[in-house]
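1. Quick check, what structure comes out for this input:
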Amino acid sequence: MAASNLFTALPGGAKFPLLGLGTWQSEKGKVRAAVETAIECGYRHIDAAYIYSNEKEVGEGIKTKMTDGTIKREDLFVTTKLWLSSHKPDKVEPCCRESMKNLGLDYIDLYLIHWPMSLVDDKGVFPLGDDGMLIGDDSIDYVDVWKSMESLVDKGLVRAIGVCNFNLSQIQRVLDLPPRHPIANLQVECHPLLAQNELIELCKKYGITVTAYSPLGSPERPGIRTPTDPVLMDDKVVLDIAKKRGVSTAQVLIRYQIQRGVVVIPKSVTSSRIQQNFEALNFELSKEEMQALIDLNRNCRLLDFPMSKSLKYYPF
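-> Numbers count the residues shown, from 1 in each chain. This next block holds a predicted model:
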């Protein structure tokens, strides 16, 4: 292992590795090997989701490394997420249990509400209308979904719960309940072009950890792109720091989040890149380099999931 993984603490004191392997858009047939490689490199945090449709492969990779003695279950931190068509009270636990079965685990370390919006539950997991937009269920309030999530903690199915893609006011509404179990984590798009400073400050105030998804600017993101879209990994500031340090641009962007105390989950299925990303734990950016990256903030969201924009509680 090239370096010891760094940790932040969840409410209650559980160790939450600052660097994890993301699995969104990881190609089927390659995910198992990616998970095995990551664990061999030293990763102790795997980020998954029901809707990624690759939880079974993630679970196979985990099982292989547990079987060969590389890790024990307690060594590994696994995050997965509740999908939008399972927000009704009688659907939350079955969705969680299906993820547990897919992953081959008897508990999940961190379970997130994937989005604050809800989808109808009788037209598949990705119900689309004739207009190409997702079909929502406006009768469901994410605050009630949170209450159902708390029951999963009560039953020992999950160790901690959190939210994903929630905005400031949505997080505040859950905080105002107040929750019986703390919001352990907020996962959002976050990179130097979208620093998420206000959200991070709110989370710090209430002891909520933050996870950055698409930390490299999501170069493989879905949807229509234009020639004017920024390409974070080609930004001169990022390139100059990488050249000076003798590291990759990805390592610079990963290290930026780690030094902010933000959990970061870069995705890769390429063994050399998985290893290279992990080696971002081996160096430190200077104050000047960090400031240069901080100054790149344009509040530029690269992933706004336009098919969701008509849904009640769409957060952006």
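2. Need the distance between the two termini of stretch 149-158.
-> Criterion CA to CA, to the nearest Å; first-to-last residue distance in stretch 149-158 is 9 Å.
3. quick one: average confidence on that stretch?
-> If you average the pLDDT over stretch 149-158, you get 98.
4. Same check on stretch 22-31?
-> 92.
5. So what's the gap between that stretch and the chain middle?
-> Here the centre of stretch 22-31 is set off from its chain's centre by 14 Å, with CA atoms, centre = their mean, to the nearest Å.
6. can you list contacts of that stretch?
-> Identification of contacts with stretch 22-31 by CB atoms under 8 Å, 6 or more residues apart in numbering yields 34-35, 46-49, 52-54, 57-58, 61, 213, 220, 222, 265-267, 269. For glycine as for every other residue, the C-beta is placed from the backbone atoms N, C-alpha and C.
7. Swap in 7 Å and give it another go.
-> The contact list for stretch 22-31, computed with CB atoms under 7 Å, 6 or more residues apart in numbering, reads 34, 47-49, 52, 54, 57-58, 61, 213, 220, 265-267, 269.
8. Which of these sits closest to residue 100?
-> Distance to residue 100, by CB to CB, is smallest for residue 48 among these, at 11.1 Å.
9. what's the first-to-last distance across stretch 285-305?
-> Across stretch 285-305, the straight-line distance between its terminal residues is 32 Å, by CA to CA.
10. what does the average pLDDT come to for it?
-> Stretch 285-305 comes out with an average pLDDT of 96.
11. Show me which positions of that stretch end up buried.
-> Within stretch 285-305, the residues scored as buried using 16 or more other CB atoms under 10 Å are 285, 289-290, 292-293, 296, 300, 302-303, 305.
12. ok, so of the contacts of stretch 22-31, who is nearest residue 147?
-> Checking the contacts of stretch 22-31 one by one against residue 147 (CB to CB), the nearest turns out to be residue 49, at 21.1 Å.
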